[in-house]
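Novice: pasting the structure only:
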């Protein structure tokens with residue numbers, strides 16, 4: 001890849017031209033970027049930084065609407081710096097943090113603290129969801145700018161207790177009245193000895209996931225916009241009749257039947273299923289609305305205990321799109337479908353502008369070489385320091401562009417200029433970081449101190 005233009009031009013300043021970019025569908029054109037947005041498709045002028053894309057695959061950057069960035073009291077697992085480095089190195093420029101933090105995101109003040117904490121270190125755009133638990137103030141969270149509500153635990157998981165049907169029903173009423181989005185973690189858990197991937201699957205069975213989906217839909221009765229997280233089987237996909245459907249890379253690429261050296265590193269909720277169920281889910285790829293990582297890092301030490309004591313969760317924001325890109329290069333899935341499921345659809349479901357090739361679209365792009373490699377844990381950026389995908393085929397981006405700026409280039413990270421503004425707030429009014437993406441209900445007046 002060749003960059004050329006005025007020698008005094010900083011990365012991301014002025015006009016950027018992506019030259020000879022192959023747009024899905026077959027057209028080769030230059031894309032001109034200015035002030036963070038695509039401004040023109042066609043022959044670009046030479047008055048700017050030019051990135052030669054002829055031998056690369058350039059796609060809109062990912063929007064991962066399901067991550068757990070930890071930090072705060074869980075900085076040993078992940079920080080906003082390491083987590084967003086992982087996102088950018090995997091071609092993701094927007095992430096949505098889940099609210100089962102310590103403490104959980106239940107009111108305006110806790111949400112504001114989380115937003116400012118993230119703004120100190122985040123290298124990409126980010127949003128924060130509000131919790132659906134007993135003491136959560138949902139209207140206040142909505143006005144304070146939470147992106148969505150949940151993941152709402154219809155089944156228990158690490159750092160998340162299952163909500164009652166009564167609380168679920170009352171929360172649905174409130175979120176519906178706010179025109180908000182509720183995201184659902186659907187599971188049912190059977191008591192028993194949880195000692196292996198097989199038993200973990202059996203104690204959180206596919207039938208329980210389906211029953212939970214049906215129960216939530218019956219309680220909802222079409223009142224509220226629902227999004228079902230991390231569905232683990234094709235039968236679960238079929239069970240969603242009102243709402244959008246999310247699947248993770250670990251349910252697409254991993255199974256309980258693999259040759260695991262230490263099974264607790266594959267422990268996740270919902271569980272990894274049989275190889276047969278995994279293959280059936282892959283065969284249902286077209287019916288998936290979006291892919292999200294459910295990036296849930298734990299340290300190697302935390303995972304290196306007996307299976308029943310190990311926390312559930314897998315780091316995955318950095319490997320999500322690279323794993324899928326390898327399937328594109330092997331002609332197993334289409335590039336347009338990958339873009340739809342990792343960028344366009346999640347943005348639209350959240351109600352934010354999706355990045356794209358057309359004029360007026362946010363200029364967030366990832367530039368991939370036409371070369372498949374194997375995942376090397378030592379080259380990843382999560383503080384967790386491990387990955388269940390080690391040795392699997394992937395395609396990692398060479399460069400990532402956020403708002404027209406190069407923020408990742410061959411292993412080097414650059415802070416976007418928007419992250420340098422209003423980090424701490426000033427005066428009596430809350431001035432959020434510019435990298436923060438507010439939800440649809442955001443009202444700045446609700447943040448006056």
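Specialist: Thanks, I have it. Please read these numbers as outputs of a predicted model, since none were measured by experiment.

Novice: can you tell me how far the closest residue to residue 141 other than its chain neighbours sits from residue 189?
Specialist: With CB to CB, 6 or more residues apart in numbering as the criterion, residue 141 has its nearest non-adjacent residue at 3.5 Å, and that residue is residue 130. Backbone N, C-alpha and C define where each C-beta goes, glycine included. For residue 130, the distance to residue 189 equals 24 Å [CB to CB, to the nearest Å].

Novice: ok, residue 407 next?
Specialist: 41 Å.

Novice: and the two? Which one has more around it.
Specialist: residue 407 (26 against 16; other CB atoms under 10 Å).

Novice: ok, the helix or strand harbouring the more buried one: who's next to it in the sheet?
Specialist: Assessed by DSSP states H and E, residue 407 sits inside strand 405-409. Taking DSSP bridges as the criterion, strand 405-409 sits next to strand 399-402 (antiparallel), strand 412-413 (antiparallel) in its sheet.

Novice: need the residues that contact that strand.
Specialist: Defining contact as CB atoms under 8 Å, 6 or more residues apart in numbering, one finds that strand 405-409 is touched by 11-13, 16, 88-89, 93, 123-124, 397-401, 413-417.

Novice: so which of the residues you listed sit within helices?
Specialist: Residues of the contacts of strand 405-409 located in helices (DSSP state H): 88, 89.

Novice: using neighbour counts, trim the contacts of strand 405-409 to the buried set.
Specialist: Buried members of those, scored by 16 or more other CB atoms under 10 Å, are 12, 16, 88-89, 93, 123-124, 397-401, 413-414, 416-417.

Novice: burial check on residue 80, number of neighbours?
Specialist: Here the count is done by other CB under 10 Å, and residue 80 has 24 residues near it.

Novice: contacts made by stretch 371-385 with the rest, please.
Specialist: For stretch 371-385, contacts defined as CB under 8 Å, 6+ apart pick out 76-79, 82-83, 85-86, 89, 295, 297-300, 315, 317-319, 322, 326, 329-330, 386-387, 389-396.

Novice: got the buried residues for the strand or helix carrying residue 279?
Specialist: For residue 279, the host element (DSSP H and E) is helix 275-283. Within helix 275-283, the residues scored as buried using 16+ other CB under 10 Å are 277, 278, 281, 282.

Novice: filter the contacts of stretch 371-385 down to the buried ones, PyMOL style.
Specialist: Only the buried entries of these go into this PyMOL selection, using 16+ other CB under 10 Å:
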select buried, resi 77+78+79+82+83+85+86+89+295+297+298+299+315+317+318+319+322+326+329+386+387+389+392+393+394+395+396
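
Novice: pLDDT-wise, which helix or strand of the protein ranks last?
Specialist: Using mean pLDDT, DSSP states H and E, the weakest-scoring helix or strand in the chain turns out to be strand 3-4, at a mean of 49.

Novice: and this structure, what are its domains?
Specialist: For the chain, automatic domain parsing gives the domain ranges 3-54, 61-357+381-387.

Novice: so which of those is the most surrounded?
Specialist: Of the domains of the chain, the one with the most neighbours on average (mean count of other CB atoms under 10 Å) is domain 61-357+381-387, at a mean of 21.

Novice: now do it, average pLDDT.
Specialist: For domain 61-357+381-387, the mean per-residue pLDDT is 96.

Novice: pull the distance from that domain to the chain's centre.
Specialist: 8 Å (CA atoms, centre = their mean, to the nearest Å).

Novice: equivalent analysis for stretch 376-383, please.
Specialist: Counting by CA atoms, centre = their mean, stretch 376-383 is centred 18 Å from the centre of its parent chain.

Novice: gap between the two ends of that stretch?
Specialist: 14 Å (CA to CA, to the nearest Å).

Novice: likewise for stretch 361-379?
Specialist: 32 Å.

Novice: mind listing what's buried along it?
Specialist: Buried residues in stretch 361-379, counting neighbours by 16+ other CB under 10 Å, are found at 361, 362, 363, 364, 365, 366, 367, 368, 369, 375.

Novice: so which of the residues you listed are in strands?
Specialist: 365, 366, 367, 368, 369 (DSSP state E).

Novice: about what we covered before: what's the closest of the strands paired with strand 405-409 to residue 245?
Specialist: The closest of the strands paired with strand 405-409 to residue 245 is strand 399-402. By CB to CB, the value is 27.1 Å.

Novice: what does the closest one rub up against?
Specialist: Contacts for strand 399-402 (CB under 8 Å, 6+ apart): 1, 12, 16, 33, 51, 61, 88-89, 91, 93, 124-125, 363-367, 406-410, 416.

Novice: tell me who's in contact with residue 44.
Specialist: Here residue 44 is in contact with 17, 19, 30, 31, 32, 50 (criterion: CB under 8 Å, 6+ apart).

Novice: show me the two of the residues you listed that sit farthest apart.
Specialist: 31 and 50 (11.0 Å).
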